[in-house]
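task: produce atomic coordinates for the following.
(2 chains)
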Amino acid sequence: MDVSFIFSVINSAIRSTTPIMMAALGSAICNRAGVFNVALEGQMLIGSFTAIAVNWFTGSVALSILFGIVAGGLIGWLVGVLQVRYKAADMVVGTSINLFVGALTAIMLSILFGVKGSFKNPLLLSLPKIEVPILSKIPYISSLLRNLTILDYLAYVVAIGMFIYLFKTVWGYHLISIGVKKEAAQSMGLHAQRSQITAVMVSGLLCGFGGVVLSMGQVTLFTENMTAGRGFIGMAACNLGRSNPAIIILSSLFFGFCDAFASVAQNSIPSQLTQSIPYIATIVALIFFSREKVKRVKAAKAQ
Amino acid sequence: MSKSRSAKDVWKAAVRILAQPLLAILMGLAVGAVVIFIAGENPLYVYGQMFEKSFFNLYYLMQTLTRSVPITVCSLAIIVAWRAGYINLGVEGQMITGAFVGTVVSIYVPGPAPLVMILAVLAGMVAGAAVSLFSTFIYDKFNVSIVISTLMMNYVAAYITSYFITFPLRDRANDVAIQTAEIPASMRLPRLVEGNTFNWGFVITVGLVILFMFVTRKTNFGYESKMTGLNPVFAQYGGVKSRKVMYTTMALSGALAATAGMLEVFGVKFRFIDAMFTSTSYAWTGLMSGLISSLHPVGSFVMSVFLSGLQVGGQAIQRTTSIPLQVATLIQSAITLFVSVKLFGQFRRARKAAKETPKSKVGDT
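Here you go, the predicted structure:
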């Protein structure tokens, strides 16, 4: 196996990582704020769809990105209001929002484009690929960074930004304290409810971002339920990353790599089997890493 | 004041229980109407067509009842797990696995038909239970979230069965459809009406609902699993062996999911077809009917028939108007959202707040 092949697989892994990482970051901010958000899938899917719809009708990449993110944020806001203000059960809201968005996008696909299943057109614009000035001249590094879009780079900025926000600023500490003990934070004069709703809305914005990358990054099209469990894989990535943005970068890269591996393996194994790889990898990773956690808890108890 | 429950009290109780879901259904239909209006069709006409071609026509009514079979049994699978506090999102995968194993056994195992059929059903139920028990086991041992692992298993089950029926077990008689061979005629559930798919599966379903009521209300297991769902710590304190309850509950949930899938195979399709359960989303519809009815088996049965009707009506309007079938899913999920919020139960909640019970995960939604 030659080196350039390995680099192209890593390149593909980086590109598959972005949507998962955004979902994982969305999950992390909700967890930190003490809200269990299962609607990541729906928040992503609405972002993917809105981006393609705006793309088609305005022909502007910037507007597609903007509206995709905002659409995710709107769904996130709805989830936040239902769960935090109206105390609706998280699992019920999450699963019904996911199904609702799945149906809504399928219907809109039919209303706006008159097609079923998926919409693809050569006139749709994809996210512009970025050439990093000096790095793109170095032989191997260039193949590593080939075809990356601006959002792929931005994702890491967001992750680091969230890390700084959560652990290095006073607002981050406030949010975490709300997540740890809502009543105590409230008695300190923090607006717990408002912060929680905002956190869920931010998770919607992040998932919308991930959705835009999904429908305008590697491919430029919209397919019904194209998120295919990525919201839940994002939850798993967040779980492995202990809701810490810095570790989430790594855990998301792992899942991105599984995606890339699955598409490479397709050349030698039937696609029905390779497509199940990311989902099996998610379960295996959770078993492998959670095992450590249980051990540590047991060790702590034994002492 | 008299202490016996008068007819008026019963009436009041019925109104209190039913007002919530009925209002939510109306609101859900209103959401659907808005979308239909945006699509440029007349909501009243579309709804008229939808209900005519699902409930008010004998042929379509039987279609609705046939479709309600897997949905109802899936909702039972959801209810048994969720009421005990275990969020099984993998009913679809358990259903696929169970139906696949059941089909394969019934086609390939030699022997007298009744014996093979019993073996097939048992094998299918064991397979469905095995899938849910796997998630339970890794939750118990490694603390892996049941929500995530059961959901992931849906995709794994769908892709792996798809592999088997695309390659080794494919029916070569048909080049286009990806499916297994047909199960022997002697193992099919008899039709209730000639010329319609309405079959004995419906009778079995009604039986299962009644049995389910009995098990959840009158047995120790039913009581213990409910206690675990309401408050795990309290249940353990009261002597409930929560691990045993957890494994039993999840095994039962997986076996019921498998039964739902097998009823569709043995009663309607007579073979395993690629994507037969994912494209119809029986499991998710069952989930919604369970949630709308607050995890009540009989309520969920009624709701399953209603949601099944929405889908059958949805198929009809897809043929005659520009509205796609998914409008049914849209209405269903909107209803579930409205139920979850209890928008209309505000005053009740205020009254209940005084004697606040421990917050359950899903039990009281």
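
ranges for the helices of the stretch 201-350 of chain B?
Along the stretch 201-350 of chain B, counting by DSSP state H, counting those that start in this stretch, helices occupy B:201-218, B:220-230, B:232-237, B:242-264, B:282-292, B:297-320, B:327-341, B:346-353.

got phi/psi on A:Q218?
phi -60, psi -40 (degrees, to the nearest 10).

in JSON lines, list the helices of the stretch 201-350 of chain B along with mean pLDDT and distance to A:G68.
Where C-beta positions appear, they are placed from N, C-alpha and C, glycine not excepted. Compiled in JSON lines, these are given as follows (pLDDT from 0 to 100; distance: least, CB to CB, whole Å):
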{"stretch": "helix B:201-218", "mean pLDDT": "91", "distance to A:G68": "43"}
{"stretch": "helix B:220-230", "mean pLDDT": "81", "distance to A:G68": "39"}
{"stretch": "helix B:232-237", "mean pLDDT": "73", "distance to A:G68": "41"}
{"stretch": "helix B:242-264", "mean pLDDT": "93", "distance to A:G68": "35"}
{"stretch": "helix B:282-292", "mean pLDDT": "92", "distance to A:G68": "25"}
{"stretch": "helix B:297-320", "mean pLDDT": "91", "distance to A:G68": "28"}
{"stretch": "helix B:327-341", "mean pLDDT": "90", "distance to A:G68": "21"}
{"stretch": "helix B:346-353", "mean pLDDT": "46", "distance to A:G68": "35"}
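
A:I150 contacts A:S126, doesn't it?
No: contact between A:I150 and A:S126 fails when scored by CB atoms under 8 Å: they sit 11.6 Å apart.

quick one: contacts for B:F306?
By CB atoms under 8 Å, 6 or more residues apart in numbering or on different chains, B:F306 lies in contact with B:25, B:289.

host element of A:C258?
Using DSSP states H and E, A:C258 maps to helix A:245-265.

mind listing residues that contact that helix?
With contacts defined as CB under 8 Å, 6+ apart, helix A:245-265 is touched by A:9-10, A:12-18, A:20-21, A:24-25, A:28, A:156, A:159-160, A:162-163, A:166, A:233-234, A:236-238, A:240-241, A:274-275, A:277-278, A:281-282, A:285.

so which of those would count as near chain B as well?
Under the cut-off given by CB under 8 Å from any CB of the partner chain, chain B has A:233, A:236, A:275, A:282 from these close to it.

circling back to that earlier point, out of A:I150 and A:S126, which sits in the busier spot?
Of the pair A:I150 and A:S126, A:S126 is the one with more neighbours under other CB atoms under 10 Å in any protein chain shown, namely 17 against 13.

and that one, that's in a helix?
No: counting by DSSP: H, G, I helix; E, B strand; the rest coil, A:S126 is not part of a helix but coil.

re the thing from before, for the helix or strand just after the helix holding A:C258, packing partners?
With elements assigned by DSSP H and E, the helix or strand that comes after helix A:245-265 is helix A:271-274. Packing contacts for helix A:271-274, counted by 3 or more CB pairs under 8 Å, 6 or more residues apart in numbering or on different chains; DSSP states H and E, involve helix A:245-265, helix B:146-166.

just how off-centre is the last one within its chain?
Per CA atoms, centre = their mean, to the nearest Å, the displacement of helix B:146-166 from the mean C-alpha position of its chain is 18 Å.

same deal with stretch B:295-315?
Distance of stretch B:295-315 from the chain centroid (CA atoms, centre = their mean) equals 9 Å.

ok, and for that stretch, which residues are buried?
B:295-297, B:299-315 (16 or more other CB atoms under 10 Å in any protein chain shown).

one more: stretch A:270-287?
Neighbour counts over stretch A:270-287 (16+ other CB under 10 Å) mark A:271-283, A:285-287 as buried.

same deal with stretch A:181-200?
Residues A:182, A:185, A:190, A:192, A:195-200 are the ones in stretch A:181-200 that count as buried (16+ other CB under 10 Å).

not counting sequence-adjacent ones, nearest residue to residue 53?
The chain I'm using is chain A. Closest residue to A:A53 apart from its sequence neighbours, by CB to CB, 6 or more residues apart in numbering or on different chains: A:L112 at 6.0 Å.

that was the other one, I meant chain B.
B:A316 (3.6 Å).
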